[in-house]
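In: Build me a model:
(2 chains)
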There are 2 protein chains.
Amino acid sequence: MSFTIQNVFIPVDGGYETVDVQIEKDRITKIAPGLEMLGKVVDGNNKLLLPGFVNAHTHSSEMWQRGLIPPVPLELWIAELYDFAPLDPEQVYLSALGTAVETLLSGGTSVVDHLVLIPGKEIETVAAAVKAYQEIGIRAFIGPLIQDQALASGIPTGEVQREATPYFRSTQATLELMQEVVAQFHSPEAGVHILVAPTGIQLCSDALFAGCIELSDRYNLCRHAHLLETKAQKQLAQEKYGCSAVEHLKRIGYLSDRTSLAHCVWLSDADIAILAETQSTVVHNPLSNLRLGSGIAPILKYCQAGVNVSFGCDGSASNDSQDLLEAIKIGSMLHNITDFDYRHWITPRQSVEMAAFGGAKGLNMAEELGSLTKGKKADLVLYDLTSLSLLPRTDPIGLLILGRPTQAVNSVWVNGRQIVDNGEVATVDVDELRHNLFERSQWDFNRQSKTVGEIEAHYREVMGLGLAKEYS
Amino acid sequence: MSFTIQNVFIPVDGGYETVDVQIEKDRITKIAPGLEMLGKVVDGNNKLLLPGFVNAHTHSSEMWQRGLIPPVPLELWIAELYDFAPLDPEQVYLSALGTAVETLLSGGTSVVDHLVLIPGKEIETVAAAVKAYQEIGIRAFIGPLIQDQALASGIPTGEVQREATPYFRSTQATLELMQEVVAQFHSPEAGVHILVAPTGIQLCSDALFAGCIELSDRYNLCRHAHLLETKAQKQLAQEKYGCSAVEHLKRIGYLSDRTSLAHCVWLSDADIAILAETQSTVVHNPLSNLRLGSGIAPILKYCQAGVNVSFGCDGSASNDSQDLLEAIKIGSMLHNITDFDYRHWITPRQSVEMAAFGGAKGLNMAEELGSLTKGKKADLVLYDLTSLSLLPRTDPIGLLILGRPTQAVNSVWVNGRQIVDNGEVATVDVDELRHNLFERSQWDFNRQSKTVGEIEAHYREVMGLGLAKEYS
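Out: Take a look at the predicted model:
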């Protein structure tokens, strides 16, 4: 189980070096030129080795609805999403595999799956995702998506007084479910980590957050949630708490150095200072923020404030892909239009650092993952620099981040195990996966969401969009 | 030279239909279910047929510098670009091939190459690009990039009175050169169109524009130019003309229904009305506008005003790819953050219309190209809907536009000739192209641009960015 990558480019201060990289079992043991060849020799010529990136926020089972939901904002989009959510754990298994394949072939070695649970089959849902991730061999961080208020509670009312719409499962039952999920599946040494992951302030009570904090402390679990993805959520936080969502989360103790927060679009400067102070991580999902019209997260401000930032694809129904390199490219250059001073812009090297080390740090794994460092876990990606999309030869990382790499990932190792070999996934049969995804779906062009029909007029009114003709 | 695509999905109002499509010589002759099989039969099962898209603005030879220029605004970026521009027509040939390959494999059948000319080898430059495009078989619109003022003239001075820095070639000599290019290369029936393409108001005199208008009228040539890509250019137009660039271009007669204008980021509502009135086309280059921090072009306003819009990748040094589907995806969803009313957002079907028909219209080819219509030219792209990136089955166009298709283009025909077959370019040897791009380049990490060093302090001062420590 040892191997040596010979004559491979790695980034160093001011440029690149050609080195040999020795891996024993699950760890990087040596990085230097001219090493003895230990175990299998991997040809690194004209290839670039980077630490694996983290797909730091996704919802794998959304893959069943990708390409399907029209361009509408989150509050309507999610109503349609839930009207048609998959109900069979076998689907969850397949879409977790699909999510992992796309992540691996775009530079990711870890995935954070904020996993939508099938009502009544919650444990089976988690089991299906765990099975998929263990079979393919990606490092998995699974945060079962929990809430204790119904979807309608997530839209502001325009009133200061508001009552949460009850959810079908009680807060207590949800916390007991999480306890069971941790007991059955949390197994970091096997590459499966369970996160506490209440969906966000828009659909969760303080009691649910408190229970999650307690579980997190007891089992040393990372914490995850959506945070201020939309303007509507900012308005909602004021209605619910009379303060910003970030202030509230700080007050109840949810923020910490192992808390990662997806989106963070609508934060004030004071909120940003709180994230820095609590050492929380922002997960930037640029593509879903554009697709849903949520806005541009103030990532340059986060960087300047010293807030850790990582990248996520978000679920495939709001992106609609799990190509992590695409999320990194757009999530880096998007901010150039928010600050005229180009000296604040994110460079390709900084993007790589955010995607790898930033991702690891947000999962409390900075000691183990996220850089090419002797002693760290061998979660590695080898890029073929002779791919047409990375030619002519210029700056490998510039080409990788600013370009549009296709078929550029040659090999991927997770925990020292080879998952991708010569551009092909070696652990699962991708043709069979394609066949299964094809057979279990059908062309679907004109479906109508019942819930969107019910809530759209209210949404437009509260958000000041005016009533369109069909409602007057 | 006849063929029939059997049982293929095509988009129709409200959904899709499965039809047969008959092509004779260069044209679509029949579209209907149950046709007799004329000539070679192409299996259309589980495939989607669309009209070819137009990569409506690029600079092919920038490919030699992709991935290389750091994140800086246009005025500094272009200084570095020109310091290291390729000087060998053989390089122009290779990068034109590379541009065509990436365009074809991402749904494009036409390319508008705003071609940077090698000083002293202008005709050879155009000949090299023409050779490449004819060999590979993509429909080519070549606009030799001309100017008659030196690069330094493109940065505002902060003064109302300004004098243009002279250029090495006179206005008259440049127009004579264009005349020669038209005489030698303009050959629409062979798939090569020459455009008049002054780079833009920032580096061109009114005399140069006037000469281009005259050539355009005499030979029925389309007109192309950059327009208001940056805030600096908006400021510059006021300094030069005392009015907006659009007002000036209208006054001198450059705007018309065969004029396409790249970028159009900094236009006022009055400017937009002028584009609508003159039936000019906007070429949206969302990725370079982000990469260079130029801004977000007000595309939703253009659509609402009835201005024709198409998509371009822009040159590979400012993107850094020629993946047209990426430009279409980002160029569509980017605008969702500019208008809270989602009913104005661009749908995937509208994106396809803009990329195909909008592109054709901007090149005065709406009668011949841009839709699946009997009698039109057979510029067609067949997408494989069993690609993992387009699964599970949902809405084919939604998947194509909102997703991140990889290896999804199965076949491409231009003018009825098959260019891509089973995902591989059939007309040129792509492995040989990769080999040549590799051999003629070298890894390049730490080059320094002399010109950027000379102009950066001035740029920062005029743009109000303040002098950074290194200049104080």
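In: Report pLDDT for residue A:39.
Out: Listed pLDDT for residue A:39 reads 97.
In: How about the one 4 residues further on?
Out: Looking at residue A:43, its pLDDT reads 98.
In: Distance from stretch A:39-58 to the middle of the chain?
Out: Offset of stretch A:39-58 from its chain centre (Cα atoms, centre = their mean, to the nearest Å): 19 Å.
In: what do you get for stretch A:305-322?
Out: Distance, centroid of stretch A:305-322 to centroid of chain: 5 Å (Cα atoms, centre = their mean).
In: Pull out the buried residues from it.
Out: A:307-322 (16 or more other Cβ atoms under 10 Å in any protein chain shown). Using the backbone N, CA and C atoms, a C-beta is placed for each residue, glycine as well.
In: which one of these is nearest chain B?
Out: residue A:321 (3.5 Å; Cβ to the nearest Cβ).
In: Return the set of residues that bridge with residue A:412.
Out: Beta-bridge pairing for residue A:412 (DSSP bridges): residue A:381, residue A:420.
In: where's it relative to residue A:420, distance?
Out: 4 Å (Cβ to Cβ, to the nearest Å).
In: Overlap of the contact sets of the two?
Out: residue A:104 (Cβ atoms under 8 Å, 6 or more residues apart in numbering or on different chains).
In: quick one: which of the two has more around it?
Out: Comparing residue A:412 with residue A:420 by other Cβ atoms under 10 Å in any protein chain shown, the one with more neighbours is residue A:412, at 27 against 23.
In: before we move on, back to that, and chain B, which of the buried residues of stretch A:305-322 contact it?
Out: A:316, A:319, A:320, A:321 (Cβ under 8 Å from any Cβ of the partner chain).
In: Which element, helix or strand, includes residue A:283?
Out: Following DSSP states H and E, one finds residue A:283 within strand A:281-284.
In: Residues contacting that strand, please?
Out: In contact with strand A:281-284 (Cβ under 8 Å, 6+ apart) are residues A:56-57, A:112, A:259-264, A:275, A:297, A:299, A:302, A:307-312, A:327, A:331, A:354, A:358, A:361-362.
In: roughly how far out does it sit from the chain middle?
Out: The answer for strand A:281-284 is 9 Å, by Cα atoms, centre = their mean.
In: Each with direction, which strands does it pair with?
Out: When DSSP bridges is applied, strand A:281-284 pairs with strand A:259-263 (parallel), strand A:308-311 (parallel).
In: Could you chop chain A up by domain?
Out: Listed by automatic domain parsing, the domain ranges of chain A are A:2-50+A:373-431, A:53-362.
In: Would you format those domains as CSV with distance to residue B:221 included?
Out: CSV is the format used below for these (distance: least, Cβ to Cβ, whole Å):
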stretch, distance to residue B:221
domain A:2-50+A:373-431, 32
domain A:53-362, 34
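In: Out of the ones you listed, which one sits most buried?
Out: Of all the domains of chain A, domain A:53-362 carries the top mean neighbour count, a mean of 22, counting by mean count of other Cβ atoms under 10 Å in any protein chain shown.
In: how far does that one stretch from start to finish?
Out: 12 Å (Cα to Cα, to the nearest Å).
In: any chance of the strands paired with strand A:281-284 in CSV, with mean pLDDT too?
Out: Below are the strands paired with strand A:281-284 laid out as CSV (pLDDT from 0 to 100):
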stretch, mean pLDDT
strand A:259-263, 98
strand A:308-311, 98
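In: Quick check: which of those strands is nearest to residue B:15?
Out: strand A:259-263 (33.3 Å; Cβ to Cβ).
In: ok and the helix or strand that that closest one is followed by relative to strand A:259-263, angle-wise?
Out: Using DSSP H and E, the helix or strand that follows strand A:259-263 in sequence is helix A:269-278. With axes from the mean of the first three to the mean of the last three Cα atoms, to 10 degrees defining the directions, helix A:269-278 sits at 150 degrees from strand A:259-263.
In: Need the contact partners of helix A:269-278.
Out: With Cβ under 8 Å, 6+ apart as the criterion, helix A:269-278 contacts A:228, A:244-247, A:250, A:255-257, A:259, A:261, A:264, A:267, A:280, A:282, A:298, A:301-302, A:305-307.
In: Quick one: mean pLDDT for it?
Out: So the average pLDDT for helix A:269-278 ends up being 98.
In: With stretch A:366-373 instead?
Out: On average, stretch A:366-373 scores 98.
In: Determine how far the last residue of that stretch lies from the first.
Out: 11 Å.
In: Please list the residues of the stretch 351-472 of chain A that sit near chain B.
Out: A:386, A:388-400, A:402-404, A:406-407, A:430, A:433-434, A:437-438, A:440-446, A:463-465, A:468.
In: need the next SSE after the helix or strand hosting residue A:132, C-terminal direction.
Out: Secondary structure from DSSP H and E places residue A:132 in helix A:122-136. Sequence-wise, the next helix or strand downstream of helix A:122-136 (DSSP H and E) is strand A:139-145.
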